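Colleague: This is a predicted model, with the sequence first.
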Amino acid sequence: MRAECFAPIDRRALLRATAALGCTLAMPTTLRAAEPAPEVMKALRGGGVVVMLRHALAPGTFDPPEFRLGECGTQRNLDDAGRAQARRIGAWFRERRLQPAAVRSSPWCRCLDTARLAFGETVQAWPALGSPRMTEDREAQVAQLRRALVDLPRHGFEVWISHQFTLGALAGGSAASGEGLVLRAGRDGAPQTIGPFAPA
């Protein structure tokens, strides 16, 4: 075979390409969640708002037919990924030195577990944050949440951990597991969405 068919090898270029490929392969396959919008961070530091989160990852959709409140074995619960997600939520707040004035949770086990893994044991179980699918008087439940929104501390924020149905009933929004909305009461007392929130 004729020698001129082969171009000379640039060994330095080959080494650079190999090193670049190694760096690319070493890059993590998952990226950290984007920082919330500036207006969301400003609201958290300013106070008078609530971070309303959907509970962390819990496989499935609805609770089993034998569901009983207070008995976790009869409920849909967090899996290992959900527990890790809940811990990341707490780490997100601690890294930014954001300390909620209060943490309230639906009495469902997956919500309480999310709250405790993220923020510790000082969590208030609050029936108003329970799933409205299981509530007889949904209008009264939403009215209670709206009153609490009006009464939020002026110089702090709260975290409420609940369900997709509750988030939708109060604010008309939706969120993935472990994500939510930052809310405040508008001048008319109606919930006002400042922005989405995805800490982990």
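Modeller: Perfect, I can see it now. Residues are numbered from 1 along each chain as shown.
Colleague: right, and A43 touches V51 too?
Modeller: No. A43 lies out of contact with V51 (C-beta atoms under 8 Å); the separation is 9.4 Å. Where you see a C-beta, it was placed from the backbone N, CA and C, and this is true even at glycine.
Colleague: mind listing what's buried in stretch 51-69?
Modeller: Under the neighbour-count criterion of 16 or more other C-beta atoms under 10 Å, stretch 51-69 has 51-58, 63, 69 buried.
Colleague: same deal with stretch 82-93?
Modeller: Within stretch 82-93, the residues that count as buried by 16+ other C-beta under 10 Å are 82-83, 85-86, 88-90, 92-93.
Colleague: tell me which of these is nearest to F119?
Modeller: Proximity of the buried residues of stretch 82-93 to F119 (C-beta to C-beta) peaks at G90, which lies at 5.6 Å.
Colleague: and the closest one, helix, strand or coil?
Modeller: helix (DSSP: H, G, I helix; E, B strand; the rest coil).
Colleague: Please name the nearest non-neighbouring residue to it.
Modeller: Leaving aside its chain neighbours, G90 sits nearest to A118 (3.5 Å; criterion: C-beta to C-beta, 6 or more residues apart in numbering).
Colleague: And for A81?
Modeller: Leaving aside its sequence neighbours, A81 sits nearest to L57 (C-beta to C-beta, 6+ apart; 4.9 Å).
Colleague: what do you get for L69?
Modeller: Excluding its sequence neighbours, the residue lying closest to L69 (C-beta to C-beta, 6+ apart) is P107, at 5.9 Å.
Colleague: for that neighbour, what are its contacts?
Modeller: When contacts are counted by C-beta atoms under 8 Å, 6 or more residues apart in numbering, P107 touches 69-70, 125-127, 129-130.
Colleague: rerun at 10 Å
Modeller: When contacts are counted by C-beta atoms under 10 Å, 6 or more residues apart in numbering, P107 touches 69-70, 125-131.
Colleague: which ones are touching the nearest residue to S106 once chain neighbours are set aside?
Modeller: The spatially closest residue to S106, leaving aside those adjacent along the chain, is L129, at 4.0 Å (C-beta to C-beta, 6+ apart). Contact analysis of L129 by C-beta under 10 Å, 6+ apart lists 52, 104-108, 111, 115, 141, 144-145, 148, 160-163, 166-167, 170.
Colleague: Would you mind giving me the ChimeraX syntax to select the buried ones in those?
Modeller: Burial among the contacts of L129 is assessed by 16+ other C-beta under 10 Å; the matching ChimeraX selection reads:
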select :52,104,105,106,108,111,115,141,145,148,160,161,162,163,166,167,170
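Colleague: All set now, cheers.
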